[in-house]
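Visitor: Return a 3D structure for these sequence lines:
(chains A and B)
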2 protein chains.
Amino acid sequence: MEIASIYEPIREDLLRVEESLRVVSRVDLPWMSDLLEHTLKDAGKLIRPALTLLAAKSYRYDLEFLLPVATAVELLHTATLVHDDTVDRSSVRRGKPTVSSVWGRDVAVLLGDYLFAASAELVSTAGSLRVMSLFAQTLMAISSGELRHMFTIYDLGQTRQHYYQMIGGKTASLFSSATEAGAIVSQAPDEAMAALRDYGYNMGLAFQIVDDILDFVGDETEMGKPVGSDLIQGTLTLPAILYLERYPEDDCIQRVFEGGGSPEHLPQAVERVSNPAVIEECYAIALDFCSQASKGLEALPDNACRQSLLDLAEYAIERKR
Amino acid sequence: MEIASIYEPIREDLLRVEESLRVVSRVDLPWMSDLLEHTLKDAGKLIRPALTLLAAKSYRYDLEFLLPVATAVELLHTATLVHDDTVDRSSVRRGKPTVSSVWGRDVAVLLGDYLFAASAELVSTAGSLRVMSLFAQTLMAISSGELRHMFTIYDLGQTRQHYYQMIGGKTASLFSSATEAGAIVSQAPDEAMAALRDYGYNMGLAFQIVDDILDFVGDETEMGKPVGSDLIQGTLTLPAILYLERYPEDDCIQRVFEGGGSPEHLPQAVERVSNPAVIEECYAIALDFCSQASKGLEALPDNACRQSLLDLAEYAIERKR
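Guide: Take a look at the predicted model:
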C-alpha cells in the first residue's frame, strides 16, 4: 500500500502543514533560520500530523484550529528527534546529517528547546487549554520514556513489560496525542475520542515494534542505518527479548553488551536474533496491536478517513523503512 | 538589605511554592524521583516565583491559580539551568554537583525536557491560555538568546547592543514573564500589567549585568565559581565590552580567546577588565536599568508589595553573589 494513496482524503491539508513548517523556519536571524530550515525541510512521512487531520476529518473540521495543532504535533516530534540524535550521537537522520553532527551537541540541545517552545506557542493559537495540557503531558511521557531507556541500557534483565512501558512513553504517547488532539479540536463525541486515542496508542506500539524488527532484518540501504544499531547501543528491543525468552542460555547478546557494545560480537547476535520464529512472533504481536487499533474504529463513521486510518495500521506492519 | 525581609509580604506563600516543587519530585519511579529531588530541593533564592507573587499581591490574589504559575516559573528556570549546565559543562550549581556531572549529559538533556513539560503541565492547571502562550514565548526567547550566545563565543566583535539582546533573551525575558504572569492571573489593570512586565525586564537586565560584573570582581568562595569563567568560555560580557571600547588596542582578551580560552592569559585579562572605571560604568548602567524598573512602579498601589519590588531592584545591585 502506498502512503500517498492512504493520505488522499487530507492530501491538500498536509501540504499546508508542510507550508506551516516552512513558516516556522522563517525568522529574522540568519544563523537561526539556517538551523531551522535544515531541521524542518524535507520532513519525513508526516504520519503524526496526518493522524491528527484524519482523526478530525469526520467531525467539525476547521483548519484554522487544526492546522496549528497538526503542525505543532510534527514540531514536537522533530524536537524530540533533535534531542534523541544528540543523546544517541546519531550522525544521519532522514538522509541528512543531524544538527548535532553539523553544529555540535550544544546547539542541538538549545535548538530542540526552541522547537518544543515553538510547538507549544503554535498550539496556543488553537485556543484549547485541553490540547495544550495534552501536549505537556505527552512531552512528560516521552522524556520519561527516554530516561527509562537511558537507565536500562546494557541491562539484560528487561522484560516485555519493561519494553512496552518504554515504547509506550517514547513512541505511542505521541501517536495517541496526535489522534486525540484532532478529536478534541474537531469536537468528536466522547466515544469516538476514546477510540481515536486508543487507536493512536496501539498504532504507535505496532509502529515501534516494526521499527525494532527492521533494526534486525531490514535493508541497510533502505533504512539508512546499519542493522543491529539497537543492540550495539545497549537497547534490548522486542526481538532480543523474545530471543532471550526462548534461549536463556545463549550469551550472544551478553557478549555484545559486555564492555559497552562490542562490534565483533554483533554479526552473530544479529543473525541469531533474526531467527524466523522470533521475527514471526514479533510481527504477530505488532499485528495484534494493529488489530486492537482497528477494532476500536468501528465506533467511527464509515468513510474514506476511517478507511485511511485502517490502511495506515496495515502500512505500519508492511513498511520496509 | 536582606532578601528574607524583602520577601516578608509573601513569605508563607513562597513556602508553599517550595512545597509544590517537592510534590513535582514525588513520582513513582525511584530513578526519576532521585533525579528530580536532586534538582529541585534546596532551590535558590526563588526570585522568579517571588516576582510572580509580589506582582499579583495588589490585585485578585488567588493562590489556587497563582501557586501553580509561580511554581511553573521556577520549574522553567530550573529546566533551562539543567540544559545550560550541560551545554557549559559546569560541574557545580547552587553548591551541589550538576545533573550532567553526576548522571551524564544525556540524562541532563532528557531531564531538562521533562522539567519543561512539567512546567507547562502545571501552568495549564491555572486555566489561562494567555499565560500558557507567554510561557511558550519565553522559552523561545531564552533558547534563541542562548543560541545567539553560542554562535558568538570567542567573537571579539560583540557590541553593547548584541550583549543587551543576548541577556534580554537569556535572562530578562523570564523575569519579565514572571511578573507579567502574576499580573495576568491576578487580573491587574492594563497599565499596571505593562508596568510590571517592564519592571521585570529591566530588573532582569540589571540582575544579569551584576552577575557579569561579579564574574570579574566577585569573591570566588561566595560565588562558588572561579572569577573569569565567562572570558575563559569565550563570552564577552558588559565589563569586557566596555574595556575594549576604552582600550581597543589592548589584546589581553584576544589572547585569552585565541586557541579557545587560554588559562595562562586569564589572570592578566581579569585584572585589566576589573579596572575601577570600567566596573563603575557597568554598575551605573545596571543602576540605570533598575531606576527604569522602579520608575514604572509608580503606577501601582503604594503598599508593602510595591516596596518589596523596589527593594528587590536595589538588592539586585547590592548583592555579592
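Visitor: Would you mind measuring from the spatially most central residue of chain A to chain B?
Guide: Centroid check for chain A by C-alpha atoms, centre = their mean gives A:Thr171 as the closest residue, at 4.6 Å. Distance from A:Thr171 to chain B, counting by C-beta to the nearest C-beta, to the nearest Å: 15 Å. From N, CA and C alone the C-beta is placed, and that goes for glycine too.
Visitor: which SS state does that residue fall under?
Guide: Secondary structure state of A:Thr171, per DSSP: H, G, I helix; E, B strand; the rest coil, is helix.
Visitor: got a pLDDT number for the spatially closest residue to it that is not a sequence neighbour?
Guide: Distances taken as C-beta to C-beta, 6 or more residues apart in numbering or on different chains put A:Gln208 closest to A:Thr171, at 4.1 Å, once the chain neighbours are dropped. Note on A:Gln208: pLDDT of 97.
Visitor: My guess is the residue nearest to the centre of chain A contacts A:Asn202. True?
Guide: No: counting by C-beta atoms under 8 Å, A:Thr171 does not reach A:Asn202; the two are 11.5 Å apart.
Visitor: what's the single longest helix in chain A?
Guide: helix A:190-217 (DSSP state H).
Visitor: Report the buried residues of that helix.
Guide: Within helix A:190-217, the residues scored as buried using 16 or more other C-beta atoms under 10 Å in any protein chain shown are A:192-193, A:195-217.
Visitor: Name the next helix or strand downstream of it, please.
Guide: Proceeding N to C from helix A:190-217, the next assigned helix or strand is helix A:220-223, under DSSP states H and E.
Visitor: Rounded mean pLDDT for that following helix, please.
Guide: 76.
Visitor: now for it, which elements pack on it?
Guide: Using 3 or more C-beta pairs under 8 Å, 6 or more residues apart in numbering or on different chains; DSSP states H and E as the contact criterion, no helix or strand is in contact with helix A:220-223.
Visitor: Now do whichever helix or strand comes after it: everything it contacts.
Guide: Once helix A:220-223 ends, the next helix or strand along the chain (criterion: DSSP H and E) is helix A:229-232. Residues from elsewhere that reach helix A:229-232, judged by C-beta atoms under 8 Å, 6 or more residues apart in numbering or on different chains: A:212, A:215, A:236-237, A:240, A:253, A:256-257, A:261, A:263, A:266, A:269-270, A:273.
Visitor: on that earlier part again, close enough to count as contact, the residue nearest to A:Thr171 and A:Ala172?
Guide: Yes: A:Gln208 is within contact range of A:Ala172, at 6.9 Å (criterion: C-beta under 8 Å).
Visitor: any idea which helix or strand carries the closest residue to A:Gln137 other than its chain neighbours?
Guide: Setting aside the residues directly before and after it, A:Gln137 is nearest to B:Glu121 in space (C-beta to C-beta, 6+ apart), at 5.9 Å. Following DSSP H and E, the helix or strand that holds B:Glu121 is helix B:105-124.
Visitor: For the next helix-or-strand element following that helix, buried residues please.
Guide: Note on helix B:105-124: by DSSP H and E, the next helix or strand toward the C-terminus is helix B:129-151. Neighbour counts over helix B:129-151 (16+ other C-beta under 10 Å) mark B:129, B:131-150 as buried.
Visitor: What are the contacting residues of the helix or strand of chain A with the lowest mean pLDDT?
Guide: The weakest-scoring helix or strand in chain A, judged by mean pLDDT, DSSP states H and E, is helix A:220-223 (a mean of 76). By C-beta under 8 Å, 6+ apart, the residues outside helix A:220-223 that reach it are A:214-215, A:226-227, A:320-321.
Visitor: Number of residues surrounding A:Ser33?
Guide: 14 (other C-beta atoms under 10 Å in any protein chain shown).
Visitor: Mind telling me what element it is part of?
Guide: helix A:30-40.
Visitor: same for that helix, what does it pack against?
Guide: helix A:11-25, helix A:63-88, helix A:99-103, helix A:105-124, helix B:129-151.
Visitor: distance between the following helix or strand past it and the chain's centre?
Guide: Counting by DSSP H and E, the next helix or strand C-terminal to helix A:30-40 is helix A:47-56. Here helix A:47-56 is found 13 Å from its chain centre; the criterion is C-alpha atoms, centre = their mean, to the nearest Å.
Visitor: just to revisit the earlier point, narrow the contacts of helix A:229-232 to just the buried residues.
Guide: A:212, A:215, A:236-237, A:240, A:253, A:256-257, A:261, A:266, A:269-270, A:273.
Visitor: can you list contacts of the helix holding A:Ser33?
Guide: A:21-22, A:24-27, A:78, A:82, A:96, A:99, A:102-103, A:107, A:111, A:115, B:144, B:147-148, B:151.
Visitor: angle of it against helix A:63-88?
Guide: 90 degrees (axes from the mean of the first three to the mean of the last three C-alpha atoms, to 10 degrees).
Visitor: what's A:Gly296 in contact with, if anything?
Guide: Here A:Gly296 is in contact with A:194-196, A:198-199, A:202 (C-beta under 8 Å, 6+ apart).
Visitor: mind checking the SS state of it?
Guide: Going by three-state DSSP: A:Gly296 is helix.
Visitor: tell me how far the least confident helix or strand of chain A is from the chain's mean position?
Guide: 18 Å.
Visitor: remind me which residues of chain A are low pLDDT?
Guide: Chain A contains no residues with pLDDT under 70.
Visitor: Please report the distance of the residue nearest to A:Asn303 when sequence neighbours are not counted from A:Ala304.
Guide: Nearest residue to A:Asn303 in three dimensions, chain neighbours excluded: A:Ser58, at 6.2 Å (C-beta to C-beta, 6+ apart). Note on A:Ser58: its distance to A:Ala304, by C-beta to C-beta, to the nearest Å, is 10 Å.
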